[in-house]
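J.: kindly return the folded structure for what I paste below:
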Amino acid sequence: MGSCLYDVWTVFWRDWVVLRRRMVKFILSRMVAPMLYLVAFGWGLGRSIQVDSGSYLDFLIPGILALNSMNISFNSITPVHAERVYHKSLEEYIIAPIWPYAFLIGKVLAAILRGLISSALFVLLAFCFGAHVALTPLFLLVLALNCVIFAELGFYASMKVNTYEEMGQVNTYILVPMSFLCGTFFATSALPEALRVVIECLPLTHTSYLLRGLGSGMEVAMSSVFVLGLYALFLFLLGSKAFLDLRK
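T.: Residues are numbered from 1 along each chain as shown. This next block holds a predicted model:
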């Protein structure tokens, strides 16, 4: 067990060293999109919109937090695609005498760290804009689960996609639709029934629902946490199988 944890830590530490050296650039770059969201939707559009739960800014913050953590976690792990297809450096991990799951877990943990750092920056900015969000332990757990899910999705895509163009299509056909339809900017109840049923099965919808409810102090259905856990387990199995297939 200790050897497995050491293998995971080694993979994670490599990514942490890279992030630490680029921390200032990482923080500054991660502040741009949240600032634009807050100014455009919170101050601009938000002043003309009223929601039942209070200000539109308070409604918006959890949705953008879910959206931002999704994008950061997914994009933080996709460089593995370049390591596999173009740099061929992934072969070092494939032949290394380490626990087979260590590479996946270490990379996912590094992506989660990036997602949580970016989320913390966004929450601080939201507070500066006058937003009110209750940061409970369950709120943080849901946020971390969202990072896990999309980091694993990014890993699986990195194992299966063979070109940059195809990786861009993953963003176009999966992440972009979820970004706008999964309860981030408006309630899913506003969607047509047939589309709503599909959208409410997606992980980002459950994350947006949970973060919005927990952040405002409302009761939430714990079944949504269970659904996120199932997504995390399913994508872990997919990603680990894809990586193990490369080792054969």
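
J.: for V108, see how far away F150 is.
T.: 10 Å (Cβ to Cβ, to the nearest Å). C-beta here means a position set from N, CA and C on the backbone, and glycine is covered the same way.

J.: the two - which one has more neighbours?
T.: F150 (33 against 28; other Cβ atoms under 10 Å).

J.: what mean pLDDT does the helix or strand hosting A120 get?
T.: A120 is located in helix 102-128, with elements delineated by DSSP states H and E. Taken as a whole, helix 102-128 has a mean pLDDT of 89.

J.: please compute how far that helix lies from its chain's middle.
T.: 8 Å (Cα atoms, centre = their mean, to the nearest Å).

J.: for the very next helix or strand once past it, what is the distance to the chain centroid?
T.: Downstream of helix 102-128, the next assigned helix or strand under DSSP H and E is helix 137-160. Chain-centre distance of helix 137-160: 5 Å, with Cα atoms, centre = their mean.

J.: output stretch 163-179 in PDB with nothing but the alpha carbons.
T.: Output of stretch 163-179 as PDB, limited to C-alpha atoms (Å, rounded to 0.1, in the frame of the first residue of the first chain):
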ATOM      1  CA  THR A 163      -5.200  14.500 -33.000                       C
ATOM      2  CA  TYR A 164      -5.500  18.000 -31.700                       C
ATOM      3  CA  GLU A 165      -8.500  18.500 -33.900                       C
ATOM      4  CA  GLU A 166     -10.300  15.600 -32.300                       C
ATOM      5  CA  MET A 167      -9.500  16.900 -28.900                       C
ATOM      6  CA  GLY A 168     -11.000  20.200 -29.800                       C
ATOM      7  CA  GLN A 169     -14.100  18.400 -30.900                       C
ATOM      8  CA  VAL A 170     -14.500  16.900 -27.400                       C
ATOM      9  CA  ASN A 171     -14.700  20.500 -26.100                       C
ATOM     10  CA  THR A 172     -17.100  21.500 -28.900                       C
ATOM     11  CA  TYR A 173     -19.500  18.600 -28.600                       C
ATOM     12  CA  ILE A 174     -19.400  17.800 -24.800                       C
ATOM     13  CA  LEU A 175     -18.100  20.700 -22.700                       C
ATOM     14  CA  VAL A 176     -19.500  23.700 -24.600                       C
ATOM     15  CA  PRO A 177     -23.100  22.400 -24.600                       C
ATOM     16  CA  MET A 178     -22.900  21.600 -20.900                       C
ATOM     17  CA  SER A 179     -21.400  25.000 -20.200                       C
END
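
J.: buried set for it?
T.: 167, 170, 175, 178-179 (16 or more other Cβ atoms under 10 Å).

J.: skipping adjacent residues, who's closest to the most centrally placed residue in the chain in space?
T.: By Cα atoms, centre = their mean, the chain has its centre lying nearest to M70, at 2.5 Å. Sequence neighbours aside, F150 is the residue nearest to M70 in space, at 4.7 Å (criterion: Cβ to Cβ, 6 or more residues apart in numbering).

J.: which pLDDT value belongs to the one you found?
T.: F150 is given a pLDDT of 95.

J.: mind starting the numbering at 691 from now?
T.: Renumbered: residue one is now 691, and that last one reads F840.

J.: list the contacts of it.
T.: Counting by Cβ atoms under 8 Å, 6 or more residues apart in numbering, F840 touches 759-761, 763-764, 805, 893.
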